[in-house]
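> Fold the following, please.
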Amino acid sequence: MLIDNLTILSATATVWWMCFFTAAGLCVGSFINVVIYRLPLGLRLSDPTWSFCPSCGNPIAWYDNLPVVGFLLLRGRCRNCWQPISPRYAFIELMTAITVVVLMDRFFIGSADTRASFTDLNWLIAEHWPIFLAHFVLFASLLAMSAIDIQYYWVDIRFTHFAAFFGLVMHAFWKPGTDYEWMQPHDGTAIAAVAAFVGFAIVWIVIQVTLRAPPAEDAPLEEPSTPATTAKPSTRIVLIPLAIFLFLCVTTMLSDWGYDPVPYVVRCLIALTFFFALIVYEAAQVRETDTEIVQAIEFEAPDALRMTLGELACLAPGIILGVAALWLAFNNSQAAEAMTSVLHNPMVWGISRAITGYVIAASVGWGVRIVANLLYGKEAFATGDIHMMAAAGCVAGWQIVVIGFVLCCFIAVVAWIALLPFKRTRAIPLGPWLWIGMLTATVFYDQIAQSTIFRNLDSAFGVFLHDVWRHPLFGGV
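The predicted structure is shown next:
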């Protein structure tokens, strides 16, 4: 009898958490639609505060604005003017909900340790909700940025700033336990990263105060050449992501109950394959911005070297502070003891862990940009993509960013080949592929870390780092 009661409680709690998280995902997806539509057109998110039809401008009633449900009930049309509304809105809502299910599977079910009862799942959620929530905010932000980037070749770095700040706060309150293997930075690495972060922050503040102008990445190119109102009303096409969403919900809950009809890896591959196919479809649409972005890059090419040197000058204070702090930590015992005592405060250590991921991921991005710019003699890697990598490093760790970036390059090449019959633009919006690459690295990190190739690389890199730390510069003998 007790076992039956526990089983009923387990099933009820699983359904509750799944409904709660997916409802939150659908609502966030609805807000992302507002962001995607308004920001590129220069509209304020708070004016008007209500959603409106893109054709007639009339407010949309709350009961018509229910995520996915409202679109299906109205058959993809506005209740007032009966003009068609793009199914993109329902797709974004369902993509956000699918992302939530995949992350829930990653942190609490599929990749978590085998549990004897559902009470352990409740404990996992209570113990590790900050890192789960940080990942949700990160990938929701990257999804919004990707949707804008694929249409405008424009990345709004306010999303990455918000995701990184939220990640810092969540890491401050989250303590990795035995159930989560989270690579902790070396004390010297954390000290250097924090110092470098302070240097970068000072430079950023000085630039914002002196220039008082948004960077080039913060301005849209132009209005879309094909307004959303011209889309044909279609509810059947929305049934595809809806079916995938329901399938993932059911199979994930069955997995949590001890039944595993579809393995974790297969569940995640289905979601990621759907995301890949959808991005390829959107990227195949020919837009005026395809030509405009290529012309803009060619126009700015003569100033690529000067721009790169200017960026290096802006990075110099952070690099100098980071190296100075590292040298001080390894050559002054009193300073090292004082810094490590502050660093090992639980909240400070969480923040420094996030900052370390941010700085290392940003360094990888800036390194790629600088080398690519110098090799090609023009902008070959946008600064907005660097901000995406930095925010991902802050939340998920720099290891995820490195693996995700490699996957992103591979996936982008495959997509480029698939797109050749449809469009031959020389510019590729990297934002969507960074999003799917980081998400893939996150959900499959355990599988990748256990692979033979990764173990060999990790071993060789570990030996290299061991030799570096023994260098006299770092206090070794």
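
> and Thr210, what pLDDT?
We have a pLDDT of 77 for Thr210.

> What is the neighbour count of it?
8 (other Cβ atoms under 10 Å). (Glycine included, C-beta is placed from N, CA and C.)

> check contacts around it.
Counting by Cβ atoms under 8 Å, 6 or more residues apart in numbering, Thr210 touches no other residue.

> any idea how far it is from Pro317?
14 Å (Cβ to Cβ, to the nearest Å).

> what sits against the nearest residue to Phe71 once chain neighbours are set aside?
Excluding its sequence neighbours, the residue lying closest to Phe71 (Cβ to Cβ, 6 or more residues apart in numbering) is Ala90, at 4.4 Å. Each residue near Ala90 by Cβ under 8 Å, 6+ apart is listed here: Pro67, Val68, Phe71, Leu72, Val238, Pro241.

> What is the subsequent helix or strand relative to the helix or strand where Ala90 lies?
Element membership for Ala90 (DSSP states H and E) is helix 88-104. Next helix or strand after helix 88-104 toward the C-terminus (DSSP H and E): helix 118-152.

> Pull out the buried residues from that following helix.
Neighbour-count burial for helix 118-152 flags 118, 120-121, 124-125, 128-152 (criterion: 16 or more other Cβ atoms under 10 Å).

> Between helix 88-104 and that helix, find me the angle.
140 degrees (axes from the mean of the first three to the mean of the last three Cα atoms, to 10 degrees).

> Mind listing what's buried along the helix holding Ala90?
88-104.

> before we move on, what about stretch 269-285?
Going by 16+ other Cβ under 10 Å, stretch 269-285 has these buried residues: Ile270, Ala271, Leu272, Phe274, Phe275, Phe276, Leu278, Ile279, Val280, Glu282, Ala283.

> go on, stretch 187-202?
187-200.

> would a markdown table of the contacts of Ala90 with distance to Ala354 be doable?
Converted to a markdown table, the contacts of Ala90 look like this (distance: Cβ to Cβ, whole Å):
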| residue | distance to Ala354 |
| --- | --- |
| Pro67 | 31 |
| Val68 | 34 |
| Phe71 | 37 |
| Leu72 | 40 |
| Val238 | 37 |
| Pro241 | 32 |
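
> now those residues: which count as buried?
When these are checked for burial by 16+ other Cβ under 10 Å, the buried set is Pro67, Val68, Phe71, Val238, Pro241.

> separation between the third one and Asn80?
The one in question is Phe71. 15 Å.

> Quick check: pLDDT value at the residue positioned nearest the centre of the chain.
Among the residues of the chain, the one closest to the centroid is Phe139, at 3.7 Å (Cα atoms, centre = their mean). pLDDT recorded at Phe139 is 97.

> Surely it touches Leu439?
Yes. Contact criterion Cβ atoms under 8 Å: Phe139 and Leu439 qualify, at 5.9 Å.

> right, and Thr289 touches Tyr152 too?
Yes. With contacts counted by Cβ under 8 Å, Thr289 reaches Tyr152, the gap being 5.6 Å.

> Can you classify Lys175 as helix, strand or coil?
Secondary structure for Lys175, judged by DSSP: H, G, I helix; E, B strand; the rest coil, is coil.

> Near the residue nearest to it when sequence neighbours are not counted, how many other residues are there?
Setting aside the residues directly before and after it, Lys175 is nearest to Pro346 in space (Cβ to Cβ, 6+ apart), at 6.4 Å. Neighbourhood size, Pro346 [other Cβ under 10 Å]: 11.

> and what of Leu312?
Leu312: 12 neighbours (other Cβ under 10 Å).

> what residues are up against it?
Leu312 touches Ile370, counting by Cβ under 8 Å, 6+ apart.

> What strand or helix carries it?
Per DSSP H and E: Leu312 is located in helix 304-331.

> so Asp260, which of the three states?
coil.

> The residue nearest to it when sequence neighbours are not counted and Gln334: what is the separation?
Counting by Cβ to Cβ, 6+ apart, Asp260 lies nearest to Leu254, which is 7.1 Å off, once chain neighbours are set aside. Leu254 is 58 Å from Gln334, where distance means Cβ to Cβ.
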